[in-house]
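*Asks:* generate a structure from the sequence data that follows.
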Amino acid sequence: MIKLFRNIRKNLLNESKTTKPACRTGRYFKYAIGEIVLVVIGILIAENLAPTLKGGFSKLEI
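*Replies:* This next block holds a predicted model:
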């Protein structure tokens, strides 16, 4: 997963070197904001699962 994000980031920075630097920077900021949103979503999911898993796996209902 980390390799995927690294490749996307490199492609965004290297893509279309003939365009204005501001355009490339804008795309990079969109990528950065998207990555931050994914991290926040992961943290929220972990916080919601923490009380369920705190009691142990034996109490989980399938």
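*Asks:* and for Ile41, the neighbour number?
*Replies:* When counting by other Cβ atoms under 10 Å, one arrives at 10 neighbours for Ile41. Heads up, the C-betas are built off the backbone N, CA and C, glycines and all.
*Asks:* just the element for it, please.
*Replies:* Counting by DSSP states H and E, the element that carries Ile41 is helix 21-54.
*Asks:* which strands and helices lie in contact with that helix?
*Replies:* Contact partners of helix 21-54 among helices and strands, from 3 or more Cβ pairs under 8 Å, 6 or more residues apart in numbering; DSSP states H and E: helix 2-14.
*Asks:* and the helix it packs on, what does it pack against?
*Replies:* helix 21-54.
*Asks:* now do the helix it packs on against helix 2-14, angle only.
*Replies:* Angle of helix 21-54 versus helix 2-14, following axes from the mean of the first three to the mean of the last three Cα atoms, to 10 degrees, is 160 degrees.
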